[in-house]
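Asker: heads up, no residue letters with this:
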């Protein structure tokens, strides 16, 4: 392992951009510092509490002590993966904050996991012991390989943040990975896992260990997929992307988490193997999924039934699934494509998804989570049971835990490693993709240092001040992303001279001196957003956005308006900031009550306009449902 | 058993209206005669072929011969019910047409079913034998009681159409019902079936046999429901209406077939027991379900995941489930309410559902079926396998058979008994609810005869000519339904004098002479229909209807328009009949292609108007998808 490798989740061997690590970027305040702090202080302890309480860690103890797993094991077939995602979150958080208490909790759990590993490297609490189904007997639904994928990611996180540490997690991961390669290699079982993630995990483990066997196995898994090796299911093999080879698909489809994880792994494989056609295929799939199958929040997945992408343009706000984990998978994929291509569109989607999906899942206190992120709630939700895991999509408010509890641990590992997504470098210089206050410092292999400090209260304020903190006689390029939504009004000020800049990447290449400053100013007036006419479900509606943040109408903000259906927005007036809140104008409307909801007479199908509403306050979508049961709309009817 | 009982599926002890039987009404031509003929000639043989081929009848032989059911039984847990529904269809068809070949096929299958009945009356091929789960061990999903419900309905159909026949089906049904009562009576298992239907079946068997035990058991099942006796499931106990007592519910909810079947059974119980509050509850549930949870086709169920009603106003056309069997359940429920109350709204919904759901399921040739009836298909569907059962909702065109194949047999029994829904009598006279050509003859208990003949080509033509065929010195009332959609322009001509009539029931009470004639003239100009503004999914869209028939735009009718999304309708011009086809005017539109489907600039979100389209032909919704793969919209964008 290279001692100098950045502490980052993804370290491609090549690509347009190279990532920085957790040691290179710090978030010193503002929106994301608050989120990271709540994650570290509240969410991690909350998650550990539930993992213990539900017995999912104890499952490992049962294996280690020869307990009766058939009778006593608890949790679904993928519960092991939650422990691994939690370990990954701890590893990143320890890397970020050096917290000794977290370190000892981390080591204690690693020891329990390690004790459960079989002598041949196999590690899973659900299969293979007396009374359980045999190993690898249910590749469609068993999630055995999937769980190992998350174990590897935890091992990678640990190796990158604490190289050479003696806790043993990396060794556990290597032995488990070797067992996968032994079992599913070219001479082994000709199978794949129903839930991808092993692909990206194996590539990264190969990067950490410099062992090519893992990359080869990942490439094999990618190529094996799409030939119907998995049994058919009610919603078709598309569900686990096994209906068509990944190189042939033209859009992300099927289960939205599986689709994004697989595509992320395929990018990893393509980059390592210089497989341009594979990378082209994924780039095309991403482009089409973002064009036609993505919610305005960045959320993906419009079907509850199979947690899946629907067909093009089927994006109903009220049945939006927009699973938190699909959002995280989308960030993983877009980040890999950004590193490969450098195209700012990927960073645009990452920003949108972080603010409006990943950030929407946890409650303000970090102790409850949305699994699905609807864009429209018509009925007051019931308050989830605080003492019992909720059913995933049934939870109408954030719930403390789920029977399928993939999202809380996924949010935790993402927030703990968030600084990895802020900036990159290339041979020319430094690129800022996300705007957070704090230092960004890069020491090049040639000894030169590129250091800046960002000062901003973005996205509450549009001014992003980038101060250079290093002297260098050689010119280098400082690149800033101008978000796609900033179509008009963005300016860059260099040497006190502002100039308009268009969405994309703006680059200043010069000899930088300590104290030099550039200021990117982004237009943060709230705005109406209109949907593509092919999205039938929101015809005649508008959304309101400010910067990268999507807003919503929530019933608790509108006393007197019983539910959010009774508003019609006046789009002739742009939304306004009033006392720090985004507001719209409109009317209260009253529909006609009819015994049959379809009318020949248009006037009977048109609601009656009532009271004029001057300033209706909206809420940041990510902050909704923090004030008790409510109804909510992102897409506001204008007609 | 009363020898004079009409051959009808439902014979309430009291109520506003009394049904006529299959012997009292004949359909001599037109739309429904064609459907009945295809059903008799093609569908029944098609169904029997698949029931044999899939081994679902053979399961009974395995029981009778002591075969190894655990190893050899085929089909899902409810496959027995398909044989029973097929027997019911045969019984009605034999009653209608007296077909000897059908009679011998009927008897052959009854003999195989009878041979499988246990000595204590228990009858099910899925439970209770060596290697199978024990009897009644899975009330949530086992469908044991459900299957018996359909057996009872078959027995009732046979008893009503061939009273005293020696085939033995009624006896098999009685013994099975006795077994249910013995097992689940007040002293027995305190349970209910996950899928209602036994309730309505037991009441009708009680009416046939005049044994009050069956009614009492039905009432017990109705009252037991809604107290959480069934285990919770992912979508909640609402799925099988077990989350709330039926008397407390205010709208139909959960699985749409279950909801309608249960409500139908509750009406039966309420009518028999003079339970006004129970009847009120169901009437209210029906009213609210029709107001807020029903598609313009009459279809019900907007969720694929659980085949369920969604919340109020969630009626997406592209994810419409609108299961064929839910439509049939809705007809069953509305018919019972019509008999109880006499309100023509119920007959309105029956008409709409028959023309646009029940009639949409079978292909023109009667040999393939829709399971779900979407209102919008964006992509060309794949052609289902002709030699393999399709997955229910996955079939994009009509499929010959399904793994869950409830719909074909349900359609068959409904079409075979369709004449039962045409007319009723009360002490005042005769009521016509549906308009079909043919004689309606009623012999009263007091010896008086009320006979009419209807001449009409409805719904192709709006003129309905009712000629009296009997002489009676005593005045009686002839009542005709004016459909709710005929808000303007309907006239009734009596003695050559036309007068305007409004939607509802128009009654002519007089001394009728043979040859007297009244003519109801219904306005059949095609019309635009506008949705309630609370149905977000079709905002800015219109449907086109003509009489009770809903129309659709199908891509095969519009050469040059690649898919049906590219049309914008001009609503300033009403739809027109051109050469016998309903047409609309509009424009071809071209959306802007964008990398991100949400735009700040309204003009970029507005499609460009292209070619003006003068006469775009539409197709009757029930006739779509009979000409190969196509795309289709019921709701046409007007904006």
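Answerer: Structure's in. What do you need? All values derive from a computational prediction rather than experimental measurement.
Asker: contacts only, for the residue nearest the centre of chain A.
Answerer: By C-alpha atoms, centre = their mean, chain A has its centre lying nearest to residue A:328, at 1.8 Å. Residues counted as contacts of residue A:328 (C-beta atoms under 8 Å, 6 or more residues apart in numbering or on different chains) are A:357, A:358, A:410, A:411, A:414. Just so you know, the C-beta spots here come from the backbone N, C-alpha and C atoms, and that holds for glycine as well.
Asker: make it 10 Å
Answerer: Residues near residue A:328 by C-beta atoms under 10 Å, 6 or more residues apart in numbering or on different chains: A:257, A:260-261, A:353-354, A:357-358, A:361, A:406-407, A:410-411, A:413-414.
Asker: nearest to residue B:74, of those?
Answerer: Of all the contacts of residue A:328, residue A:257 has the smallest distance to residue B:74: 34.9 Å, by C-beta to C-beta.
Asker: SS state for residue A:520?
Answerer: Following DSSP: H, G, I helix; E, B strand; the rest coil, the label given to residue A:520 is strand.
Asker: and for the one 10 residues further on?
Answerer: What three-state DSSP gives for residue A:530 is strand.
Asker: before we move on, the earlier item: and the pLDDT at the residue nearest to the centre of chain A?
Answerer: Note on residue A:328: pLDDT of 98.
Asker: before we move on, what about residue A:561?
Answerer: With respect to pLDDT, residue A:561 has a value of 60.
Asker: so what's the closest residue to chain B within the stretch 51-200 of chain A up against?
Answerer: Of all residues in the stretch 51-200 of chain A, residue A:76 sits closest to chain B, at 12.1 Å by C-beta to the nearest C-beta. Going by C-beta under 10 Å, 6+ apart, residue A:76 touches A:56, A:82, A:126, A:141, A:143, A:402, A:403, A:404, A:405, A:406.
Asker: in a helix, the residue nearest to the centre of chain A, correct?
Answerer: Yes - counting by three-state DSSP, residue A:328 is part of a helix.
Asker: so where does residue A:335 fall, helix or strand?
Answerer: Assigned by DSSP states H and E, residue A:335 belongs to helix A:324-341.
Asker: past that helix, which element shows up next along the chain?
Answerer: helix A:344-353.
Asker: specify the angle between that next one and helix A:324-341 in degrees.
Answerer: Interaxial angle, helix A:344-353 versus helix A:324-341 (axes from the mean of the first three to the mean of the last three C-alpha atoms, to 10 degrees): 160 degrees.
Asker: who does the helix or strand that helix A:344-353 is followed by pair up with?
Answerer: Per DSSP H and E, the first helix or strand lying C-terminal to helix A:344-353 is strand A:376-377. Counting by DSSP bridges, the strands paired with strand A:376-377 are strand A:632-633 (antiparallel).
Asker: which helices and strands does the next helix or strand after the strand it pairs with pack with?
Answerer: Next along the chain after strand A:632-633, taking DSSP H and E as the criterion, comes strand A:636-637. With contacts taken as 3 or more C-beta pairs under 10 Å, 6 or more residues apart in numbering or on different chains; DSSP states H and E, strand A:636-637 sits against strand A:541-546, strand A:549-554, strand A:567-569, strand A:581-590.
Asker: just say which of those strands is most tucked in.
Answerer: strand A:549-554 (a mean of 26; mean count of other C-beta atoms under 10 Å in any protein chain shown).
Asker: and it with strand A:541-546, angle?
Answerer: Using the same axes, to 10 degrees: strand A:549-554 against strand A:541-546 is 120 degrees.
Asker: any idea how far apart the tips of stretch A:193-201 sit?
Answerer: 13 Å (C-alpha to C-alpha, to the nearest Å).
Asker: average pLDDT for it?
Answerer: The average of the pLDDT scores along stretch A:193-201 is 98.
Asker: is residue A:369 bridged to anything, and to what?
Answerer: Beta-bridge partners of residue A:369, counted by DSSP bridges, are residue A:362, residue A:399.
Asker: who's in contact with it?
Answerer: Contacts for residue A:369 (C-beta under 10 Å, 6+ apart) come out as A:43, A:46-47, A:324, A:360-363, A:390, A:395, A:398-402, A:405, A:407-412.
Asker: give me the buried entries from those.
Answerer: For the contacts of residue A:369, a burial check counting by 16 or more other C-beta atoms under 10 Å in any protein chain shown picks out A:43, A:46-47, A:324, A:360-363, A:390, A:395, A:398-402, A:405, A:407-412.
Asker: domain assignment for chain A?
Answerer: For chain A, automatic domain parsing gives the domain ranges A:18-421, A:423-521, A:527-637.
Asker: most tightly packed of these?
Answerer: Mean neighbour count (mean count of other C-beta under 10 Å) peaks for domain A:18-421 among those, with a mean of 21.
Asker: and it, how far out from the chain middle?
Answerer: Taking C-alpha atoms, centre = their mean, to the nearest Å, one finds domain A:18-421 lying 10 Å from the centre of the chain it belongs to.
Asker: can you give me the end-to-end distance of it?
Answerer: One end of domain A:18-421 sits 11 Å from the other (C-alpha to C-alpha).
Asker: what does stretch A:568-576 give?
Answerer: 16 Å.
Asker: pLDDT wise, what is the residue in the stretch 201-350 of chain A positioned nearest to chain B at?
Answerer: The stretch 201-350 of chain A approaches chain B most closely through residue A:305 (4.0 Å), counting by C-beta to the nearest C-beta. Note for residue A:305: predicted pLDDT of 89.
Asker: against residue A:235, how distant is it?
Answerer: Counting by C-beta to C-beta, to the nearest Å, the gap from residue A:305 to residue A:235 is 7 Å.
Asker: out of the domains of chain A, nearest to residue B:195?
Answerer: Across the domains of chain A, residue B:195 has its closest neighbour in domain A:18-421 (18.3 Å, C-beta to C-beta).
Asker: which SS state does residue A:427 fall under?
Answerer: coil.
Asker: didn't it look like it was pressed against residue A:476?
Answerer: Yes - between residue A:427 and residue A:476 there is a contact at 9.3 Å, judged by C-beta atoms under 10 Å.
Asker: overlap of the contact sets of the two?
Answerer: residue A:444.
Asker: what ranges do the helices span in the stretch 151-300 of chain A?
Answerer: Remark: helices assigned in the stretch 151-300 of chain A by DSSP state H, counting those that start in this stretch are A:169-184, A:198-209, A:212-224, A:256-272, A:276-292.
Asker: give me phi/psi at the residue nearest to residue A:305 when sequence neighbours are not counted?
Answerer: In space, and not counting its chain neighbours, residue A:305 is closest to residue B:305: 4.0 Å by C-beta to C-beta, 6 or more residues apart in numbering or on different chains. Note on residue B:305: its backbone torsions stand at phi -50, psi -50 [degrees, to the nearest 10].
Asker: poorly predicted segments of chain A, please.
Answerer: Applying pLDDT under 70 to chain A picks out residues A:1-4, A:392-396, A:560-562.
Asker: repeat the analysis, applying 50 as the threshold.
Answerer: Regions of chain A meeting the criterion pLDDT under 50 cover residues A:1-3.
Asker: circling back to that earlier point, test my guess that the residue nearest to residue A:305 contacts residue A:372.
Answerer: No - applying C-beta under 10 Å, one finds residue B:305 not in contact with residue A:372, separated by 11.8 Å.
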